[in-house]
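Asks: I would like to see how this sequence folds:
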Amino acid sequence: MATIYEVSKLAGVSLATVSRVINKNSRVSDKTRQKVEDAMTELGYRPNSIAQSLASSRSNSIGILVSELHGPFFGQMMAGIEAELRAAGKHVIITTGHSEEDKEKEGIEFLISRNCDAIILHVEAVSDDYLIDLCKGKIPVYFMSRLVAGLNEQCISLNNELGGYLATQAVIEQGHTNIAYISGPQFKADSKDRLTGHMRALAANNIAFNKGLYFEGDFKETGGSEGLKHFIKNKQSFSALVCANDEMASGSITYAREQGFSLPKELSIIGFDNIIFAQHTYPKLTTIDNPVNLMGHMAAKLVLKNVYKQKDIVIEHYFEPKIIMRDSVSPIK
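Replies: Numbers count the residues shown, from 1 in each chain. The predicted structure is shown next:
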């Protein structure tokens, strides 16, 4: 395979000039550009990212750290980021943090070592202080689904508290007052905010928060099934179940049907996120729309605007959730 050095030698120009041609830099004469392009054609040379970065001091790669690779939520997030960046001729390097502080820090250090032009983080375990210090480094850092105090302009986030409120308010408006709630892990900011929204909706409707109708789940299907099993085992009375994400709602629906519940006649269930399978459960899942794919596009645009200086890009930093009514919630009988 031909190298940039061979192209340089055949064209009779410097490596920097070849790199400028590859990067479509205007500071190359038409005659010189043609010499380089002819040499690349003769040698069958195809530019690689290393050659392209020689003149631009850019790797044209963006690091992405997410909590997990499994599940549709993170798939939609990464798809949004990658599609926007790929359209701009950039590539992504992806690693995971698994919502553990040490692994998140390890993943961040890995991305820094890869000479990324910028890093987009979906982190849940590291502290705000750590992230503030991280942003003092040379590589620009941006945040998905997290609002870090003092770094608002580097964040793309959702109003999770409002989402939690809307979910519980939706079942209350259908006449439900005995409402069970399965939260996500409470060390996660989005989970904590959604629970706060749930409790605000209860208080606004003069419904007391019942600790017996609360279960801390894991944001996975197992959390939904284990939560519902816990309520049933403890003989709790409830007509509606609010889950802090769609995966747990899906687990609850499966377990409820296995136990002979008629849904939503005997139990209304609502989720959060509006991930792709929410409209394919039985019954179809009522949920809160979390536009994570759009937010991923927006995080990528933030990089393109601030790092690559692309113009005419409008950034929306804060997204509002909305209720998506389907079939899994019905009026209380």
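
Asks: Next, count neighbours for Ala16.
Replies: Neighbour count for Ala16, taken as other CB atoms under 10 Å: 13. For glycine as for every other residue, the C-beta is placed from the backbone atoms N, C-alpha and C.

Asks: elements contacting the helix or strand where it lies?
Replies: Assigned by DSSP states H and E, Ala16 belongs to helix 15-22. For helix 15-22, the packing partners by 3 or more CB pairs under 8 Å, 6 or more residues apart in numbering; DSSP states H and E come out as helix 4-11, helix 30-43, helix 49-56.

Asks: winner for burial among the ones you listed?
Replies: Mean neighbour count (mean count of other CB atoms under 10 Å) peaks for helix 4-11 among the helices and strands packed on helix 15-22, with a mean of 18.

Asks: per the record, what domains does the protein have?
Replies: Domain segmentation of the chain under automatic domain parsing yields 4-56, 61-158+292-320, 160-290.

Asks: what's the average pLDDT for the longest one?
Replies: Averaged over domain 160-290, pLDDT sits at 97.

Asks: roughly how far is it from the heart of the chain?
Replies: 21 Å (CA atoms, centre = their mean, to the nearest Å).

Asks: And that domain, end to end?
Replies: End-to-end span of domain 160-290 (CA to CA, to the nearest Å): 9 Å.

Asks: Mind listing residues that contact stretch 170-179?
Replies: Contacting residues not belonging to stretch 170-179 are listed as 168, 201-202, 205, 207, 213, 237-242, 268, 270, 286, 323, 325, 329-332 [CB atoms under 8 Å, 6 or more residues apart in numbering].

Asks: Secondary structure element holding Asp133?
Replies: helix 128-134.

Asks: any idea how far the residue lying closest to Thr254 once chain neighbours are set aside lies from Asp218?
Replies: Nearest non-adjacent residue to Thr254, counting by CB to CB, 6 or more residues apart in numbering: Ser225, 6.5 Å away. As for Ser225, its distance to Asp218 is 11 Å (criterion: CB to CB, to the nearest Å).

Asks: what does Phe110 give?
Replies: As for Phe110, its distance to Asp218 is 26 Å (criterion: CB to CB).

Asks: the more surrounded of these two?
Replies: A direct count of neighbours by other CB under 10 Å for Phe110 and Asp218 places Asp218 higher, at 19 against 14.

Asks: Could you verify my assumption that the more buried one touches Gly184?
Replies: Yes - in this structure, Asp218 is within contact of Gly184 by CB atoms under 8 Å, at 7.2 Å.

Asks: Do a quick rundown of the helices in the stretch 201-333 of the chain.
Replies: 221-233, 246-258, 292-306 (DSSP state H, counting those that start in this stretch).

Asks: before we move on, the earlier item: mean confidence for the helix holding Asp133?
Replies: Taken as a whole, helix 128-134 has a mean pLDDT of 96.

Asks: begin at 590 from here
Replies: Will do, 590 is the new start, and the previous item becomes helix 717-723.

Asks: hmm, who's touching it?
Replies: The set of residues external to helix 717-723 that reach it, using CB under 8 Å, 6+ apart, is Lys694, Ile697, Leu710, Val712, Val730, Phe732, Val737, Ala738, Gly739, Leu740.

Asks: coming back round to it: tell me the most buried of the domains of the chain?
Replies: Neighbour counts (mean count of other CB under 10 Å) averaged over each of these peak at domain 749-879, with a mean of 20.

Asks: Could you report the pLDDT at the spatially most central residue of the chain?
Replies: By CA atoms, centre = their mean, the mean C-alpha position of the chain lies nearest to Met666, the distance being 4.0 Å. According to the prediction, Met666 has pLDDT 96.
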